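In: please work out how this folds:
(chains A and B)
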Amino acid sequence: MIHTIAFLLVAILGIGLFVWQIRKITRNINLGRDKDISGNVSERINAVLLVAFGQQKMFKRPWPAFLHLFVYVGFLVINIEVLEIFIDGIFGTHRAFGVLGPAYDVLMAVNEVLGALVVVACIIFLVRRNVTKVPRLTRGPEMRAWPKMDANVILVTEIVLMFALFAFNIADQKIAQLNSTELPGTFPVTASMVNLFGSDLSSLALIAGIGWWVHIIGILAFMNYLPSSKHFHIIMAFPNVYYTKLEPKGQFSNVESITHEIKAMLDPSYVVPPAPEGAQPQKFGAQDVEDLSWKQLMDSYTCTECGRCTSVCPANLTGKLLSPRKIVMDTRDRMEEKGESPLIFSPAHYKEESERVKATEERTLLRGYVTPEELWACTTCNACVESCPVNIDQLSTIMDMRRYLVLEESAAPAALNTMFNNIENNGAPWAFSPSDRFNWANDLYTVSKN
Amino acid sequence: MADLAARGETPEVLFWVGCAGSFDDRYKRVTRDFVRILDHVGISYAVLGMEETCTGDPAKRAGNEFLFQMQAMTNIATLDGYGIKTIVTACPHCFNTIKNEYPALGGNYEVIHHSTFLQNLINEGKVKVQGGGAFKGKRITFHDSCYLGRANNIYEAPREVLAALDADLVEMKRSRANGLCCGAGGAQMWKEPEPGSKDINVERAEEAIGTGATIIASACPFCMTMMSDGVKSQNKEDSVQVFDIAELIAQAEGLNG
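Out: Have a look, this model is predicted:
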């Protein structure tokens, strides 16, 4: 009875805290501009199945993809056991799913094998981050103390959780052995480890109990850690992929307010549709997080800081300041600075400042976090967008900030202003006379030029 | 186009030449070769000539949405004025902008990039490229343009065009969806790169030269400029040449003279 009450208290506290955090995050995402992203439901579900569930884009790099797959599938399957833990906890049963018989044998076996694979994968991931120091995971001005520690915290927690599960299983088997009772389930990984533990029944029961409690409290704590962490991607990947941009990647968004202005300019009889009541006059482009769309803000909560985008960015590869990952991480940090923060604890994402990124004291995303030099280095090549395993659109955020620089501040590099002038005056980005536009045909035998 | 319209004729396709195709000395050769191919297969086509202006792509990528929309609306008025339905262009940037971004402003056309256009001509047997001409067995590598590839998922058309040459096609390590930008996109063509350790086009040219190819094929005027400059920076301009796919086809067909 006490056990049940204690369990219910822990569970309600854990879940309640999580819901409270999710509400904060929802408010943060809603800081963004409205944007209607709907329709094409079947295409969107297809994307979720392929990219989110199927991890399609992870397999561009097979080795990390397989290791990640172990952790991912392990997570999914272990959730079934979490359900059993909840039932056991609430009803005071022991291995409630044991009634499933052979199906339970298979479930436990798969669970243990995956648990072992999760441990292996997490150890390899720890080595990649801390020993071999894979560049995309460790370098760059955005990879400061917190993001690096965050990744390690997650990996170590996952290993500890698996060991708690194993300890619970070993102790349970030993107890059954000593009592000569039948324990449901098969345990391919821990069956041979039964003799690691002594034969004192009360301490075995204690170990089983501790293993059980560490596992469930660990899972609830982990769940509440998610919103402060890059690991939040395990939830956000699904909605973010659902709301993915379905248009061709080369199609950049249209600024409708400008369309109305130009139509009114070209045709005096054109009536600009009235803005919805109470609407704030909008800036052109994005200076701060509320100028971005909710989807762009959702992007930043989905980012798992894997650095695939930055590792394929032509500007970053050739030593420029731009890092698409930094833009996304900056957006999240600024959003939490401006909106709801801290979540549970404030991780102080960016304390130190790198030499080269000289953000100013301005309290805006642009300049306060992201410098114009970064934005102007972008070739809009879409390599970052293509590489992202969870379909983040880094380029749209870069473009919206460029628009702000040009349209609100006229702060384009001088060479681009020259290009703008050429287009305005000559109809071409270069300073050629429009009357020379047909000269290419002069020495062409087939075309007679009139 | 104005002449045709005056005679009451409508061409099958409008060839959108683009600013690079009109003014860049190197790319004017591509324009002429593409026109020779059009003449060779007997397609009725027209160009806007002096009525053509910039699509607005570089303005839009640089953030100047206002200037972009001014250009777009001017061009849509011209195109609609002539009742244009189908447009072919040798510039992936013009292609992307007219195809994807003009519809929101009221301009709806069937837009074809010249790589797809040439692929169709080859598939229909209108361009035969018998025996591959001078390119048989030559080592060619194709550099993907971002605005053709990732932006519009056109990866195979230019490769199929090259396959008709019966050449030894080799791929760079970064190709198709993983292709590396030449460094010119996003209006970089008109400005100096930000401070860094290397120019992007040099990085890409090194990769292309590393395949052992003697010809780098491209399908974009800006890629052509960047790759040519990159090859020069490696002092390889005597051994490695940069050609547009239309030039290769015209040459293989013995059309450029």
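In: ok, A:Leu266 - contacts?
Out: Counting by C-beta atoms under 8 Å, 6 or more residues apart in numbering or on different chains, A:Leu266 touches B:Met73. No exception for glycine: its C-beta is placed from N, CA and C like everyone else's.
In: if we use 10 Å, what do you get?
Out: B:Met70, B:Met73, B:Thr74, B:Ala77 (C-beta atoms under 10 Å, 6 or more residues apart in numbering or on different chains).
In: right, and the first one touches B:Thr55 too?
Out: No - contact criterion C-beta atoms under 10 Å: B:Met70 and B:Thr55 do not qualify, at 11.5 Å.
In: hmm, back to that, please indicate which of the contacts of A:Leu266 are buried?
Out: Using 16 or more other C-beta atoms under 10 Å in any protein chain shown as the burial test, the contacts of A:Leu266 include B:Met70, B:Met73, B:Thr74 as buried.
In: which of those are close to chain A?
Out: When contact is defined as C-beta under 10 Å from any C-beta of the partner chain, these meet chain A at B:Met70, B:Met73, B:Thr74.
In: among the residues you listed, which are located in strands?
Out: In strands, judged by DSSP state E, none of these are found.
In: distance to A:Leu395 and pLDDT for the residues you listed - can I get that in TSV?
Out: Listed next are those as TSV, based on distance: C-beta to C-beta, whole Å; pLDDT from 0 to 100:
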residue	distance to A:Leu395	pLDDT
B:Met70	23	97
B:Met73	25	96
B:Thr74	27	96
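In: now, those residues that are in helices?
Out: If you go by DSSP state H, those have B:Met70, B:Met73, B:Thr74 in helices.
In: how close does B:Gln234 sit to chain A?
Out: Noted for B:Gln234: a distance of 15 Å to chain A, by C-beta to the nearest C-beta, to the nearest Å.
In: which residues does that residue contact?
Out: B:Gln234 neighbours (C-beta under 10 Å, 6+ apart): B:Val202, B:Ala205, B:Glu206, B:Ala208, B:Ile209, B:Val240.
In: and these, which is closest to chain A?
Out: B:Val202 (8.1 Å; C-beta to the nearest C-beta).
In: counting neighbours, what do you get for the closest one?
Out: B:Val202 sits with 18 neighbouring residues when counted by other C-beta atoms under 10 Å in any protein chain shown.
In: quick check, it in a helix?
Out: Yes - under DSSP: H, G, I helix; E, B strand; the rest coil, B:Val202 falls within a helix.
In: that one against B:Asp229, yeah?
Out: Yes - B:Val202 lies in contact with B:Asp229 (C-beta under 10 Å); the separation is 8.4 Å.
In: where do the contact lists of these two overlap?
Out: Shared contacts of B:Val202 and B:Asp229 (C-beta under 10 Å, 6+ apart): B:Gly183.
In: same for the helix or strand hosting A:Ile423, what does it pack against?
Out: For A:Ile423, the element it lies in under DSSP states H and E is helix A:414-426. Where contact means 3 or more C-beta pairs under 10 Å, 6 or more residues apart in numbering or on different chains; DSSP states H and E, helix A:414-426 is packed against helix B:18-23, helix B:57-61, helix B:65-81.
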